[in-house]
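Novice: Curious how this folds, go ahead:
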Amino acid sequence: MLMKVEVVRRRAKYLYTRSRIPGVSWSVNQYVGCSFACPYCYAKSVVREFREREWGSWVIAKINAPELARKHVKGKVVMSTVSDPYQPVEAGLKLTRSTLRFMDKRNEISILTKSPLVTRDIDLFKLFRSIEVGLTLNSFEDHEKTVLEPLTPTMKARINALQRLHDDGIRTYAFVSPIIPGVTDVSRIVEETKGFVDYYFFEVLNLRNAGNEFRETLRSEFPESYSVLTREELFRAFISELRDEVRSLGIKTEGIETHFRGWGFVRI
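Specialist: Next up, the predicted model:
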């Protein structure tokens, strides 16, 4: 059951912000905050608003985002980095849809979400010269999902959304994240999706930016996973095995974002 969410409507001065993500020039966040409220979300550490309030209990909606979206920019634009563009409030507000509708269709767009609501906007996606749509997948089920992602759509719903996007001619990718040792089943995710996913991106849990509360949750609920993510000798072995596993799957990918001290991105 979703928590009660306060939507704070604001007018923004700009929509496109420069991105430090490799290969990405701009980020677009018509929302700030996310009512999916994933307890491990790194955005909690970078969003300055409402830090005294529970993550997921508020969402800022930039109500003038559609008029700010008209700008033509060069380079890849990612939607979104500190929110989910298809989180529950979008079903009613349709702010993402309006933003895409007014956005310059020459822009190169990459969308990432955890919601099958994304399929609603396939008609708009087809208007863009260059667009790709990704779904975050992580295989969490039952107790794992209750602890790690209690408010998000199921894996099945996300996978079905990827299939539909592909069937409608939209370039797709799977963002396999967060990878938690002993919890995330990478091979299963790939086997269930490789027929309709163009490429994959892999990301290990960003434990450093998940916050102290989540660190304690992980330590108590998944102690072996916690040990691997905090002890370099165990992490080194885990990444070696994960890299071999991904290589054996015969898929298109550049590598794995590790978020471990001094490691960074591991190429496949």
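
Novice: Ends of stretch 192-211, what's the gap?
Specialist: Stretch 192-211 stretches 32 Å from its first residue to its last (C-alpha to C-alpha, to the nearest Å).

Novice: Please point out which parts of that stretch sit buried.
Specialist: By 16 or more other C-beta atoms under 10 Å, the buried positions in stretch 192-211 come out as 192-193, 197-198, 200-207, 210-211. C-betas here are computed from N, CA, C, even on glycine.

Novice: Next: stretch 7-21.
Specialist: Within stretch 7-21, the residues that count as buried by 16+ other C-beta under 10 Å are 7, 12, 15-16, 19.

Novice: Show the model's pLDDT score for the closest residue to residue 64 other than its chain neighbours.
Specialist: Residue nearest to residue 64 in three dimensions, not counting chain neighbours: residue 11, with 4.7 Å by C-beta to C-beta, 6 or more residues apart in numbering. For residue 11, the pLDDT comes out at 98.

Novice: Check residue 1 too.
Specialist: 53.

Novice: Same question for residue 52.
Specialist: Note on residue 52: pLDDT of 87.

Novice: contacting residues for it?
Specialist: Contacts here follow C-beta atoms under 8 Å, 6 or more residues apart in numbering; on that basis residue 52 touches nothing.

Novice: host element of it?
Specialist: Assigned by DSSP states H and E, residue 52 falls within no helix or strand.

Novice: what's in contact with the strand or helix carrying residue 8?
Specialist: Using DSSP H and E, residue 8 sits in strand 6-10. Residues outside strand 6-10 that contact it (C-beta under 8 Å, 6+ apart) are 57-63, 89, 93.

Novice: after that strand, next one along is what?
Specialist: Next in sequence after strand 6-10, counting helices and strands by DSSP H and E, comes strand 16-18.

Novice: Format the CA atom coordinates belonging to the longest helix seen in the chain as PDB.
Specialist: Scanning the chain for the helix with the most residues, using DSSP state H, yields helix 232-248. Coordinates of each C-alpha in helix 232-248 appear next as PDB, following Å, rounded to 0.1, in the frame of the first residue of the first chain:
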ATOM      1  CA  GLU A 232      37.200  -5.600   0.000                       C
ATOM      2  CA  GLU A 233      38.600  -9.100  -0.300                       C
ATOM      3  CA  LEU A 234      35.000 -10.500  -0.500                       C
ATOM      4  CA  PHE A 235      33.900  -7.800  -2.800                       C
ATOM      5  CA  ARG A 236      36.800  -8.400  -5.100                       C
ATOM      6  CA  ALA A 237      35.900 -12.100  -5.400                       C
ATOM      7  CA  PHE A 238      32.200 -11.200  -5.900                       C
ATOM      8  CA  ILE A 239      32.900  -8.700  -8.800                       C
ATOM      9  CA  SER A 240      35.200 -11.300 -10.500                       C
ATOM     10  CA  GLU A 241      32.400 -13.900 -10.400                       C
ATOM     11  CA  LEU A 242      29.800 -11.300 -11.500                       C
ATOM     12  CA  ARG A 243      31.900 -10.200 -14.400                       C
ATOM     13  CA  ASP A 244      32.400 -13.800 -15.500                       C
ATOM     14  CA  GLU A 245      28.700 -14.400 -15.200                       C
ATOM     15  CA  VAL A 246      27.800 -11.400 -17.300                       C
ATOM     16  CA  ARG A 247      30.300 -12.300 -19.900                       C
ATOM     17  CA  SER A 248      28.800 -15.800 -20.200                       C
END
